[in-house]
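> no FASTA, just this:
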């Protein structure tokens, strides 16, 4: 996985001779993750309570960045209490912790109308205490109405819809989130003189439990309230993941197609979706991968096999860092080398910065997500450039662009990068 951001500088040092100057630099993953952590905690620190009181009769009404930040703060301070949220017409309940008569760590969310209504084990609405990311991923995968490119276009559509839920702009019908707008029949007769006016054959339809969009209010609460309570960095992981939907994370080779970010791959190891080894999978307490599948994946790497066979292994789940069962146990202290969840986090941060930094800055300074040793590259935050006047204050400017202009601004808005940075 990517663990540092390469920074390549190439500028015209002498316009008379045409001599160019280059520098091969890098920013350690630990530095980047510390900036992410600080930006997320700043959001939490500035948060104020959303409208409502959080009770079943007067739930917190969410819609917009400030309301979700306020809900995060409220949930963090009230793990021992049930809290209720109204999101895009759905009522979402945060279940109090097990020590208070509730469930687990006091961060689990459920949809009061849908959760617990499906008697099929492993489905998104089966359990009254909410759904796992695996169940979210499968539900989104099964709802895919767009073929080709591994459901990339479908995931981009779902991401766009999730943003409308977060921003409080999702269309509603009869008070519930809307599945479909009005349906029209259009006369395509090439003879305009004979073409009939468009006919409306169906009005807007409210979502039902089987519609993919029906899961998005609950998903928004899980990603942007529950997960940040467990690990503040998850606030930015969710936003960056939405920005990356549809982008390539593994280049094509002579033997394989390229791989792209989708909700399926974000939330679930792809094998869980279509590998027969997982066909009898259930939500067991230990959440252990099938032995045969582990051996197949790890081949002769016994160290990897041991890691993947552990209950709740972070190596088994998707690209989204909170997707493994016990991701909330990630350390608050930055320790990328020894914390697998932090390794997943910095992989997302590096990919996101490669995408957004290069679009924001231009061609003189180029960022690239890399993994392994930095080799001969120098740490951009500490490197000395001698008498090069053009590089004076480079580290300060680079930190300002990445930390303030990109990471902090990303943390402070639900808007798309096109609105934020372009």
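Perfect, I can see it now. What you see is a predicted model, and the numbers here were worked out from it, not measured in a lab.

> Pretty sure residue 39 sits in a helix.
Yes. According to DSSP: H, G, I helix; E, B strand; the rest coil, residue 39 belongs to a helix.

> so who does it touch?
Shown in contact with residue 39 (Cβ atoms under 8 Å, 6 or more residues apart in numbering): 236, 403, 407-408, 410-411. Placement of C-beta: from N, CA and C, glycine included.

> Farthest-apart pair in those residues, please.
Farthest-apart pair in these is 236 and 403; separation 12.1 Å (Cβ to Cβ).

> the more surrounded of those two?
Neighbours were counted for residue 236 and for residue 403 using other Cβ atoms under 10 Å; residue 236 has more, 25 against 17.

> Tell me the spacing between the more buried one and residue 109.
Distance of residue 236 to residue 109, given as Cβ to Cβ, to the nearest Å: 20 Å.

> tell me which element residue 304 is part of?
Assigned by DSSP states H and E, residue 304 belongs to helix 302-308.

> Go through that helix and flag the buried ones.
For helix 302-308, burial by neighbour count (16 or more other Cβ atoms under 10 Å) applies to 305, 307-308.

> From the residues you listed, pick the one nearest residue 155.
Set against residue 155, the nearest of the buried residues of helix 302-308 by Cβ to Cβ is residue 308 (25.2 Å).

> What does the pLDDT read for the closest one?
We have a pLDDT of 79 for residue 308.

> so what's it up against?
By Cβ under 8 Å, 6+ apart, the contact list for residue 308 reads 289, 294, 297-298, 315-316.

> just residue 377 next, same as before
Listed by Cβ under 8 Å, 6+ apart, the contact partners of residue 377 are 6, 24-26.

> before we move on, what about residue 37?
232-233, 334.

> re earlier: which one of the contacts of residue 308 is nearest to residue 340?
Distance to residue 340 across the contacts of residue 308 (Cβ to Cβ) is lowest for residue 315, with 6.9 Å.

> pLDDT wise, what is that closest one at?
At residue 315, the model reports a pLDDT of 67.

> can you check residue 27 too?
We have a pLDDT of 97 for residue 27.

> let's have the chain start at 559 instead
Sure, I'll start counting at 559 from here, so that last one is residue 585.

> Remind me what the strand or helix carrying residue 629 packs against, helices and strands.
Using DSSP H and E, residue 629 sits within helix 623-635. Here helix 623-635 touches helix 587-604, strand 618-620, strand 641-645, helix 710-725, helix 785-788, going by 3 or more Cβ pairs under 8 Å, 6 or more residues apart in numbering; DSSP states H and E.

> Quick check: buried residues in the first one?
It stands for helix 587-604. For helix 587-604, burial by neighbour count (16+ other Cβ under 10 Å) applies to 587, 589-591, 593-595, 597-599, 601-602.

> Now do the lengthiest helix in the chain and helix 587-604, the angle between them.
Across the chain, the helix with the greatest residue count (assigned by DSSP state H) is helix 898-919. Counting by axes from the mean of the first three to the mean of the last three Cα atoms, to 10 degrees, helix 898-919 lies at 90 degrees to helix 587-604.

> Flag every buried residue along helix 898-919.
Under the neighbour-count criterion of 16+ other Cβ under 10 Å, helix 898-919 has 898-915, 918-919 buried.

> Past that helix, which element shows up next along the chain?
Note on helix 898-919: by DSSP H and E, the next helix or strand toward the C-terminus is strand 923-928.

> so how far is that following strand from its chain's centroid?
Centroid separation for strand 923-928 versus its chain: 21 Å, with Cα atoms, centre = their mean, to the nearest Å.
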